[in-house]
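Enquirer: here's a sequence, model it:
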Amino acid sequence: MNEIEHVAAPESCSRACRCSCARRHARGRGGCRRGALRWDGHAAARPGRGRRWDRSGAQDMTIGRAVLFDLDGVLIDSEPAHFAATRAALEDLGLGTLDEADYARWMLGRPDHSALADYLAARGLSPDLLPALLERKAARYAERFAVDVRLLADGVETLRAAHAAGLTVGIVSGALAAEIAWAIERLGIAGLVAVVVSGDEVACGKPDPEPYLLAARRLGLEPGACVAVEDAPAGVTAARAAGMRCLAVDRQGWGERLAAADLVVTRLSWKQLSRLLRECCDRSGE
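Expert: Numbering: from 1, shown residues only. Predicted coordinates:
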């Protein structure tokens, strides 16, 4: 059982800030849109140079190397908050209620914009309701963040260990930029994260490789110099399609659906990640 802690939304984040990403989303088309949103870091780490690892785990020589972490399911568990927020937003606007089965069918693992658009269409409701629904859902999510979002300690400890080892660390997620910022602040990792790619700033989210390719480009690295840490089939597919190695943590019993990952574990640890990094170096001859 993974150690968990409750994570609260930062008090400094205003409601206007919390809703801004939803309004940006509402102006886009499709599942998400290409935009100019970027993590400004709060003294974020600068992209650095990783270390090559010999078979004993000792540092050997510097190479460009980054570890890119998914957020939900790897560092936090936010699905209960998203479910509660979506149900509340629908009820607030008089659009009915939402049960867990419909949430799993329409929303689980999908960007809000496309998921809610499909949900409205399936129920014969006007697409003109989408902007208000997105904004209301973002506000409700901010309220639920402190109650329902939990820290996954093994993931956060692995991220900290990777940074301490001299590796560049990033987050690549389908979540909104504001949601990622809240999590980063409350996890206390703002100074460790060199790059963030959010769902608001890509035209195609996972399983498309675009989010991971964008992260590598921002770091000035070839995709092959990056290792992704994922927990779901779509994320593994995206990382492998981008040309990256992938460590997958199976928290949901995905089993063979994670088989495309280079290494699958049931609990994250620096030992497992460093093992994959050593194998990458051995194969590349770097």
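
Enquirer: all contacts plus neighbour counts: C-alpha atoms, from now on.
Expert: Noted.

Enquirer: show me the strands in the stretch 151-286 of the chain, by range?
Expert: Under the criterion DSSP state E, counting those that start in this stretch, the stretch 151-286 of the chain contains strands at 168-172, 193-197, 226-230, 245-249, 263-265.

Enquirer: so for stretch 179-197, what gets flagged as buried?
Expert: Along stretch 179-197, these residues count as buried under the neighbour rule (16 or more other CA atoms under 10 Å): 179-187, 189-190, 192-197.

Enquirer: for residue 155, see how far away residue 187 is.
Expert: 11 Å (CA to CA, to the nearest Å).

Enquirer: kindly apply the preceding question to residue 228 instead.
Expert: On the measure of CA to CA, residue 228 and residue 155 end up 12 Å apart.

Enquirer: re earlier: can you put the strands of the stretch 151-286 of the chain in CSV and add mean pLDDT and distance to residue 278?
Expert: Shown next, in CSV, are the strands of the stretch 151-286 of the chain (pLDDT from 0 to 100; distance: least, CA to CA, whole Å):
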stretch, mean pLDDT, distance to residue 278
strand 168-172, 98, 16
strand 193-197, 98, 22
strand 226-230, 97, 11
strand 245-249, 97, 12
strand 263-265, 97, 12
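
Enquirer: can you tell me which of those strands is most buried?
Expert: strand 226-230 (a mean of 28; mean count of other CA atoms under 10 Å).

Enquirer: distance from it to the middle of the chain?
Expert: 11 Å (CA atoms, centre = their mean, to the nearest Å).

Enquirer: and for stretch 194-211?
Expert: With CA atoms, centre = their mean as the basis, stretch 194-211 stands 9 Å off its chain's centre.

Enquirer: now stretch 223-242
Expert: 12 Å.

Enquirer: which residues of the stretch 151-286 of the chain fall in helices?
Expert: In the stretch 151-286 of the chain, the helices defined using DSSP state H, counting those that start in this stretch lie at 153-164, 177-187, 210-219, 233-241, 270-284.

Enquirer: list the contacts of the nearest residue to residue 246 once chain neighbours are set aside.
Expert: Counting by CA to CA, 6 or more residues apart in numbering, residue 246 lies nearest to residue 228, which is 4.7 Å off, once chain neighbours are set aside. Going by CA atoms under 8 Å, 6 or more residues apart in numbering, residue 228 touches 67-70, 239, 244-247.

Enquirer: equivalent analysis for residue 257, please.
Expert: The contact partners of residue 257, taken as CA under 8 Å, 6+ apart, are residue 233.

Enquirer: got it, and residue 172?
Expert: Neighbours of residue 172 in contact, by CA under 8 Å, 6+ apart: 68-71, 196-198, 211-212, 215.

Enquirer: could you do residue 103 as well?
Expert: residue 83.

Enquirer: quick one: it and residue 112, what's the gap?
Expert: From residue 103 to residue 112 the distance is 11 Å (CA to CA).

Enquirer: now residue 161
Expert: 32 Å.

Enquirer: pLDDT score assigned to the residue nearest to residue 100 when sequence neighbours are not counted?
Expert: Once flanking residues are discounted, residue 100 sits nearest to residue 83: 7.6 Å by CA to CA, 6+ apart. For residue 83, the model assigns a pLDDT of 94.

Enquirer: do the same with the one 4 residues further on
Expert: Here the pLDDT value assigned to residue 87 is 97.

Enquirer: and the residue nearest to residue 246, bridged to which residues?
Expert: Taking DSSP bridges as the rule, residue 228 bridges to residue 68, residue 246.

Enquirer: now swap in residue 169 and tell me
Expert: With DSSP bridges as the rule, residue 169 is bridged to residue 67, residue 193.

Enquirer: just checking, it touches residue 194?
Expert: Yes - with contact defined as CA atoms under 8 Å, residue 169 reaches residue 194; the gap is 5.8 Å.

Enquirer: shaky segments in this structure?
Expert: 1-64, 109, 281-286 (pLDDT under 70).

Enquirer: ok, the nearest residue to residue 272 once chain neighbours are set aside to residue 192 distance?
Expert: Distances taken as CA to CA, 6+ apart put residue 265 closest to residue 272, at 8.0 Å, once the chain neighbours are dropped. Distance of residue 265 to residue 192, given as CA to CA: 24 Å.

Enquirer: then residue 276?
Expert: Applying CA to CA to residue 276 and residue 192 gives a distance of 21 Å.

Enquirer: no further questions, thank you.
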